[in-house]
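Colleague: return a 3D structure for these sequence lines:
(chains A and B)
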There are 2 protein chains.
Amino acid sequence: MQKKIDLEEAFETVKMGATEILLEKELKEKLESSAKNGKPLKIKAGFDPTAPDLHLGHTVVINRLAKFQKLGHEIYFLIGDFTGMIGDPTGKSETRKALTAEEVAVNAETYKAQVFKILDPERTKVVFNSQWLGKMNAADMIRLAATHTVARMLERDDFAKRYKEGLPISIHEFLYPLLQGYDSVALHADVELGGTDQKFNLLMGRELQRLNGQTPQSIIMNPLLEGTDGVNKMSKSLGNYIAINDAPRDMFGKVMRISDELMLRYYELVGMLSFSEFESLKAELKSGKLHPKSAKVGLAKQIVARFHSSAAADHEAEQFEKVFAKGGVPENIEERVIQLASCPPGANSLSALAVPALVESNSQLRRLCEQGAVSINGEKVSDSKMSFAAPGEFLLKVGKRGFLKVVVKK
Amino acid sequence: MQKKIDLEEAFETVKMGATEILLEKELKEKLESSAKNGKPLKIKAGFDPTAPDLHLGHTVVINRLAKFQKLGHEIYFLIGDFTGMIGDPTGKSETRKALTAEEVAVNAETYKAQVFKILDPERTKVVFNSQWLGKMNAADMIRLAATHTVARMLERDDFAKRYKEGLPISIHEFLYPLLQGYDSVALHADVELGGTDQKFNLLMGRELQRLNGQTPQSIIMNPLLEGTDGVNKMSKSLGNYIAINDAPRDMFGKVMRISDELMLRYYELVGMLSFSEFESLKAELKSGKLHPKSAKVGLAKQIVARFHSSAAADHEAEQFEKVFAKGGVPENIEERVIQLASCPPGANSLSALAVPALVESNSQLRRLCEQGAVSINGEKVSDSKMSFAAPGEFLLKVGKRGFLKVVVKK
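Modeller: Numbers count the residues shown, from 1 in each chain, chains lettered A, B, ... in the order given. Modelled structure (predicted):
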């Protein structure tokens, strides 16, 4: 009975937050037979060979790989260098220049440096599909192309849309899903992870494995992670991202500022809790046994520890407590110097210093003053229109988090 | 001025009976510059690698190659073995098994044995597209596929039709026209010949040559030859064919039985007259200077001489004159023996012997008797119901061409 419960737990853990699984029953059976015969499953996920600069949103799939890895399965981190080295043969896109083998190697190292913060390097097989696709000849390619019809390929959403709108689809674009599918054949993948937008290509893997007499891989589709705003998908251009290379302080702070709801989403998609641990967390939050802030600190520490170190995580947590929870002052706060003699009119006013550095607007500053949330050297300030007219050193605090050291000189 | 006339003659000669030329102006210019710089043009025509059993209809393209060859150009007789050796990878067609290299070699010899009756073996380059396509890898194939769009490929009539009707088109079928086109690039072809149904694929050659910085090949499209009935295209299944391996007598006889109009068509498409010679022939026929029968004998002799020998052609012409023109009896006529003692009732009747061996029906036999066109040993027979009741040897003649030797025994 113990065994059965473990399997259920394993299944639910690798499934956490997935948008779709094809097919759940198959995946369960695979986990079951792997547990029985002690043979780990082969888990595949494919990545672009372009230079990676990852943010948390990119790690959803890698995080799930890590969960499989923790359960003892074999991880195939596949870098799709074959097509990358062909580039964009239509010559229409300037951004898709053919990569050299050296560039691919360099990019792979950059990848590894980032993903091995999540995956165990010892137990991760980094593979390049040029290893097998590079050996394919034109005849093999033709045989592969013969496995599917034009109509089937035009079922893919983006192809269907472009064809309908009269936008060009180059014939080689029909070959790429087949190649991606063939990767699963070459690896004998048991499970493939990918984004929801990859569904068509992931299914190609199943179809080609079946045609090659293999058991079709199970597919786990992953959602796009919401950015720190909790609304849009995480993206560099929207500025709502947590980069893997963010400094520990930024990273910790960004996590602490997300909503309680989003915190649970991050726990689910980029955390390493098992299914039952996650369920306990939710139950404790609901019962009030665990305060959301504590849960958030836990998540922030987990994330900083993963991408920096446990020491950095502990340090940031301490700092955070010092500033926010105990009303203390953080280290290294910003300093502004005012020379009264040469100061332009109004530049020494509270609002000139606080807006927009600490608050968004004069009206917000006024409100905070009224609420008693603005202080200078610990003394509350009620007049938002006051100025620093005398020399001295002042610690300005606005709201819970806004600190500024103001040095006023004659 | 002499030069100019020769070029015009050359152009008109290689153009005889073509359904379409792309582009006439280009082809003229190519012939012109070849004449100037003494560099022969490269003339390409592609053929299936399957075992050939050719009839006259298949030789239209080869005949045009022969005309180019006579003008001093380089002939590339291309055997498309590359795709033949892949077979039908969809596995849907039982008839398109993959050919082995040995089978291709055997088929090539069979081809040569037949086409070298038309082309000069010394000056014909027999090439196999596996020579260059076999060296292509998957990446090359992808780059080739990238040169054209799905929409462009779906412009091909048969693809358009099948797609519209919901019939499957395998993706590799989109690759074949590109490969055929690439053959022209590999050969640096100046001119390609093909059937009208090949127009799309022939144009691929032009497009790919242009993309590869070559001067696009000119294209000469050839009609399907009408069968001996003058109505349907020549085909084995319709029985209206003249096979290359037909016996001299059959071949000669079949040509002599075609209509005068069809004779001119055969002269144009499978004869070796130059344009001006052909024009003279037509003029002489029109003026009555040349009798159609003589022209037909000339054609029949030319065809028998090509596929057998001049001697065989002369012999058949002699035989023909003997039998039909001078009312003589051919050699080796069929013999039927009747044993009166054991003969079933009616089996010794004129009609039993003549229908359907010599005439189609009893009523036709009756009419011929009435017209005095039936004779036994030179004596006219008016009664179509007579029987051979006495022993002896009889030469039965029905109409101009029907002969039967009847041997009646007790």
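
Colleague: which residues of chain A fall in strands?
Modeller: A:20-22, A:42-47, A:74-79, A:124-128, A:191-195, A:218-222, A:335-339, A:374-376, A:379-380, A:392-398, A:402-409 (DSSP state E).

Colleague: quick one: closest of those to chain B.
Modeller: Among the strands of chain A, the nearest to chain B by Cβ to the nearest Cβ is strand A:124-128 (14.0 Å). Any C-beta I mention is one placed from the backbone N, CA and C, and that applies to glycine too.

Colleague: and that closest one, which strands flank it?
Modeller: Paired with strand A:124-128 in the same sheet, following DSSP bridges, are strand A:74-79 (parallel).

Colleague: and the partner strand, how far out from the chain's middle?
Modeller: The chain centre lies 18 Å from the centre of strand A:74-79; the measure is Cα atoms, centre = their mean, to the nearest Å.

Colleague: list the contacts for the residue in the stretch 251-400 of chain A positioned nearest to chain B?
Modeller: The nearest approach of the stretch 251-400 of chain A to chain B comes at A:L269, 34.7 Å away (Cβ to the nearest Cβ). By Cβ atoms under 8 Å, 6 or more residues apart in numbering or on different chains, the contact list for A:L269 reads A:M16, A:G17, A:V60, A:N63, A:N222, A:P223, A:L225.

Colleague: rerun that using 10 Å as the cut-off
Modeller: A:16-18, A:56-57, A:59-61, A:63-64, A:222-226 (Cβ atoms under 10 Å, 6 or more residues apart in numbering or on different chains).

Colleague: closest to B:P52 among those?
Modeller: Checking the contacts of A:L269 against B:P52 by Cβ to Cβ gives A:V61 as the nearest, at 55.5 Å.

Colleague: per-residue confidence for that closest one?
Modeller: Note on A:V61: pLDDT of 95.

Colleague: and it, how far is that from A:L238?
Modeller: Look at A:V61 and A:L238: by Cβ to Cβ, to the nearest Å, they are 20 Å apart.

Colleague: comparing these two, which residue is more hemmed in?
Modeller: Shown here are A:V61 and A:L238; by other Cβ atoms under 10 Å in any protein chain shown, A:V61 has more neighbours (21 against 13).

Colleague: so that one touches A:G17, yeah?
Modeller: No. Contact criterion Cβ atoms under 10 Å: A:V61 and A:G17 do not qualify, at 11.2 Å.

Colleague: overlap in contacts of the two?
Modeller: By Cβ under 10 Å, 6+ apart, the residues touching both A:V61 and A:G17 are A:I220, A:N222, A:L269.

Colleague: what's the burial count for the nearest residue to A:M85 once chain neighbours are set aside?
Modeller: Excluding its sequence neighbours, the residue lying closest to A:M85 (Cβ to Cβ, 6 or more residues apart in numbering or on different chains) is A:L99, at 5.5 Å. Look at A:L99: counted by other Cβ under 10 Å, it has 20 neighbours.

Colleague: next: A:I21.
Modeller: A:I21 has 18 nearby residues by other Cβ under 10 Å.

Colleague: residue contacts, A:E316?
Modeller: Going by Cβ under 10 Å, 6+ apart, A:E316 touches A:247-253, A:255-256, A:297, A:300-301, A:304-305, A:308.

Colleague: how much space between A:L285 and A:V60?
Modeller: Going from A:L285 to A:V60 by Cβ to Cβ gives 22 Å.

Colleague: okay, these two: which has more neighbours?
Modeller: A:V60 (22 against 17).

Colleague: picking up where we left off before, of the contacts of A:E316, buried ones?
Modeller: A:248-249, A:251-253, A:255-256, A:297, A:300-301, A:304-305, A:308 (16 or more other Cβ atoms under 10 Å in any protein chain shown).

Colleague: need those residues in TSV with pLDDT, can you?
Modeller: Shown next, in TSV, are the buried ones among the contacts of A:E316 (pLDDT from 0 to 100):
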residue	pLDDT
A:P248	93
A:R249	88
A:M251	93
A:F252	93
A:G253	87
A:V255	93
A:M256	90
A:V297	94
A:A300	96
A:K301	96
A:V304	96
A:A305	96
A:H308	95
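
Colleague: same list (those residues) but as CSV, adding distance to chain B.
Modeller: Shown next, in CSV, are the buried ones among the contacts of A:E316 (distance: Cβ to the nearest Cβ, whole Å):
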residue, distance to chain B
A:P248, 44
A:R249, 47
A:M251, 41
A:F252, 46
A:G253, 46
A:V255, 43
A:M256, 48
A:V297, 51
A:A300, 46
A:K301, 47
A:V304, 43
A:A305, 43
A:H308, 41
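
Colleague: in helices, which of these fall?
Modeller: Residues of those located in helices (DSSP state H): A:P248, A:R249, A:M251, A:F252, A:G253, A:V255, A:M256, A:V297, A:A300, A:K301, A:V304, A:A305.

Colleague: if we ignore the residues flanking it in sequence, what's nearest the first one?
Modeller: The reference is to A:P248. A:A312 (4.2 Å).

Colleague: these two touch, right, the one you found and A:F252?
Modeller: Yes. Contact criterion Cβ under 10 Å: A:A312 and A:F252 qualify, at 8.6 Å.

Colleague: between these two, what contacts are shared?
Modeller: With Cβ under 10 Å, 6+ apart as the test, A:A312 and A:F252 both reach A:K301, A:V304.

Colleague: residue of the stretch 201-350 of chain A closest to chain B, please.
Modeller: Taking Cβ to the nearest Cβ, chain B has its nearest neighbour within the stretch 201-350 of chain A at A:L211, 10.0 Å off.

Colleague: which residue is the nearest non-sequential neighbour of that residue?
Modeller: In space, A:L211 is closest to A:T147, 5.7 Å off (Cβ to Cβ, 6+ apart).

Colleague: report how many residues lie close to that neighbour.
Modeller: With other Cβ under 10 Å as criterion, A:T147 counts 21.

Colleague: same check, this time on A:D383
Modeller: 11.

Colleague: OK, contacts around A:M141?
Modeller: So A:M141 contacts A:133, A:175, A:178-179, A:182, B:136-142, B:144-145, B:172, B:175 (Cβ under 10 Å, 6+ apart).

Colleague: repeat that with 6 Å
Modeller: B:A138, B:M141 (Cβ atoms under 6 Å, 6 or more residues apart in numbering or on different chains).

Colleague: try A:E155
Modeller: With Cβ under 6 Å, 6+ apart, A:E155 has no contacts at all.

Colleague: shouldn't A:S274 be in contact with A:T13?
Modeller: Yes. Using Cβ atoms under 6 Å, A:S274 is in contact with A:T13, at 4.6 Å.

Colleague: and A:G72, how far from A:I43?
Modeller: With Cβ to Cβ as the criterion, A:G72 and A:I43 are 11 Å apart.

Colleague: so for the residue nearest to A:P248, what's the pLDDT?
Modeller: Note for A:A312: predicted pLDDT of 95.

Colleague: now do A:G372
Modeller: A:G372 is given a pLDDT of 85.

Colleague: next, count neighbours for it.
Modeller: Residues near A:G372, counting by other Cβ under 10 Å: 10.

Colleague: which residue sits closest to A:R257, ignoring its sequence neighbours?
Modeller: Leaving out its chain neighbours, A:R257 is closest to A:T228 (Cβ to Cβ, 6+ apart), at 6.7 Å.

Colleague: for the one you found, give me its contacts.
Modeller: Counted by Cβ under 6 Å, 6+ apart, A:T228 has contacts A:N240, A:K254, A:I258.

Colleague: what's the PyMOL line that selects buried ones from those residues?
Modeller: Here is the PyMOL command that selects the buried residues among these (16+ other Cβ under 10 Å):
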select buried, chain A and resi 240+254+258
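
Colleague: hmm, back to that, now, which of the ones in helices among the buried ones among the contacts of A:E316 sits nearest B:E321?
Modeller: A:M251 (105.3 Å).

Colleague: surely that closest one and A:A305 touch.
Modeller: No. Using Cβ under 6 Å as the test, A:M251 is too far from A:A305 to be in contact (10.3 Å).
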